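Peer 1: sequence below, structure please.
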Amino acid sequence: MDRTPAPARRPAPVRRTAPVRRSDIPAAGPQRRAGTATGAVLGAILDHGPVARSTVARLTGLSPASVTGHSRQLLARGLIREAAETAGPRGLGRPHIPVEIDTGQFLVAGAHIAVAHSTLALMDLRGRIVAEDRQPHGNTDPRRVLSALAARLPRLVAAHADGRTVLGLGVATGNRVDPAAGTIVHHPQLGWRDVPVRERLAAATGLPVHVDSHARALARAEQMFGQVTTRSSAVLLFVGAVIDAAFTSAGTVHLGPRAGAGSVAHLPVGPVGPVGPVGADGRAGAVLSCVCARPGCLHSVASESALLGMAAEQGLRVPSFRALLDLALAGEPRARALFGQRARYVGRAVALLLDTFDPEILVVVEPAAARLPECLAALRAEAGTRSLVCEDPERAVVPGSFTGSVLATAGGAVALGALYADPLGPWPSVTAAC
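Peer 2: Numbers count the residues shown, from 1 in each chain. The predicted model follows:
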């Protein structure tokens, strides 16, 4: 098996904001991200940098003296840097030295563990993917999968870090994950239960390791550096080999007392009988089932395995979900129809989530919705028809920001989320640089 690291990816465009005006700054209130005051300062610099310290004070509600102190610590740790001195409009006012995120000293590593493969990536402190390497699982035994990830990381760093130090490793996967314990509680498709991911990878890599579900990680990524406008409340629905969701309120991602928030794969959205059109031989499509034994659950009609089963019923025997998606993108009518049908089932789930949480925005992470306009239109139409609270699905339901790099982004976002929440926490590489 070829395990040579993939070529470096071109960094994704960084979200840019217009210069902050005093009238744009809301009254001080609860911080958008849970975490420390230093984390609030770092987050404001991420959102608006290069930005004056006085503006950071107004954005965060902290005193100017406090912001100056926090900025001094962040500068000493190499997490921010000073930009060129600027003056006020038309040269009026006192010149100031703005601060911005320093992307030249540190990176984070991210790992996403999918059902068939794992993705390892390097990400800078503004959330841009520096390099990505995806490899299939040779064996799904958790010790072997985690050992292989740890062995691949030094090669990726040597090839693409360009002298920058890796601060930590974030790990994301689907199903039930306990970030406090650093464990994958239950991943039925992999057959994993109570796997101590943080403990094993920290021992193997020597890095601080943070673990979370990919839906929660992508919700944080949208908050930190996505193109989707940050809102006070949001839902993110991930539809892939695993289907799950994340819910945010006041900028905080909800976890639940048993780390089970977002388990939406078995919502009843599909038919209880055969799925798919009648074939040329007059037979109805297959009756799809799931481990939950609930006919018509979301996983049984919209997961990657379900779509591959329906494709086979229609004579499309493709080797992978990616190959089926490529057929749809190339215009193959049966493949396109399957993704259109999937979009309508996902739209039904979206309607249920809209009515349950009434969020300001719902982000759908599903490849066809991001790449085939008719699929996004079908999804929105189904959600708008079925939801009792959504009046404008085109505004409320949007595709995610990271099409083409979703899995690489998820792992890195786990590490960056921890860093931005507590930049003065236990990050040995940062303190060593002070």
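Peer 1: CA only for contacts and neighbour counts going forward, please
Peer 2: OK.
Peer 1: in terms of contact, does Ile129 touch Ala410 like I think?
Peer 2: No - judged on C-alpha atoms under 8 Å, Ile129 makes no contact with Ala410 at a distance of 10.8 Å.
Peer 1: neighbour-wise, which of these two wins?
Peer 2: Neighbours of Ile129 and Ala410, each counted by other C-alpha atoms under 10 Å, are more numerous for Ala410; the result is 31 against 24.
Peer 1: how far off centre is the helix or strand where that one lies?
Peer 2: Using DSSP states H and E, the element containing Ala410 is helix 406-421. Helix 406-421 sits 7 Å away from the centroid of its parent chain (C-alpha atoms, centre = their mean, to the nearest Å).
Peer 1: what of stretch 236-254?
Peer 2: Relative to the centre of its chain, stretch 236-254 is centred 9 Å away, using C-alpha atoms, centre = their mean.
Peer 1: residues contacting it, please?
Peer 2: 30-34, 114-115, 174-175, 215-216, 218-220, 223, 231-235, 261-265, 299, 302-305, 350, 362-366 (C-alpha atoms under 8 Å, 6 or more residues apart in numbering).
Peer 1: from those, list the buried ones, please.
Peer 2: 31-34, 114-115, 174-175, 215-216, 218-220, 223, 231, 233-235, 261-262, 264-265, 299, 302-305, 350, 362-366 (16 or more other C-alpha atoms under 10 Å).
Peer 1: can you list the weak-confidence ranges in the stretch 301-434 of the chain?
Peer 2: Scanning the stretch 301-434 of the chain for pLDDT under 70 picks out 432-434.
Peer 1: now do 90
Peer 2: Scanning the stretch 301-434 of the chain with the threshold set as pLDDT under 90 gives 317, 429-434.
Peer 1: so which residues of it form helices?
Peer 2: With DSSP state H, counting those that start in this stretch as the criterion, the stretch 301-434 of the chain has helices at 304-313, 321-329, 333-357, 367-371, 373-386, 393-396, 406-421, 428-433.
Peer 1: what's the most buried one of the ones you listed?
Peer 2: Greatest average neighbour count among these goes to helix 406-421 (a mean of 27), per mean count of other C-alpha atoms under 10 Å.
Peer 1: just the C-alphas of that helix, formatted as PDB.
Peer 2: C-alpha atoms of helix 406-421 as PDB (Å, rounded to 0.1, in the frame of the first residue of the first chain):
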ATOM      1  CA  VAL A 406     -14.600  18.200   5.000                       C
ATOM      2  CA  LEU A 407     -12.800  15.300   6.700                       C
ATOM      3  CA  ALA A 408      -9.400  17.000   6.800                       C
ATOM      4  CA  THR A 409     -11.100  20.100   8.300                       C
ATOM      5  CA  ALA A 410     -12.900  18.100  11.000                       C
ATOM      6  CA  GLY A 411      -9.800  16.700  12.600                       C
ATOM      7  CA  GLY A 412      -7.900  19.900  12.600                       C
ATOM      8  CA  ALA A 413     -10.900  21.800  13.900                       C
ATOM      9  CA  VAL A 414     -10.900  19.700  17.000                       C
ATOM     10  CA  ALA A 415      -7.400  20.800  17.900                       C
ATOM     11  CA  LEU A 416      -8.000  24.400  16.900                       C
ATOM     12  CA  GLY A 417     -11.200  24.600  18.900                       C
ATOM     13  CA  ALA A 418      -9.300  23.500  22.000                       C
ATOM     14  CA  LEU A 419      -6.500  26.000  21.300                       C
ATOM     15  CA  TYR A 420      -8.800  29.000  20.700                       C
ATOM     16  CA  ALA A 421     -10.800  28.100  23.900                       C
END
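Peer 1: so what touches it?
Peer 2: 33-36, 39-40, 42-43, 108-112, 119-123, 125, 127, 129, 132, 168-172, 209-212, 214-215, 217-218, 220-221, 224, 402, 425.
Peer 1: how about the helices in the stretch 51-200 of the chain?
Peer 2: Using DSSP H, counting those that start in this stretch, helices in the stretch 51-200 of the chain cover 53-60, 64-76, 142-160, 197-205.
Peer 1: which one of these lies closest to Ala328?
Peer 2: Among the helices of the stretch 51-200 of the chain, helix 142-160 comes nearest to Ala328, with 31.4 Å by C-alpha to C-alpha.
Peer 1: in that closest one, what's buried?
Peer 2: Those would be 142, 145-146, 148-150, 152-153, 156-157, 160, for helix 142-160 by 16+ other C-alpha under 10 Å.
Peer 1: alright, calling it a day.
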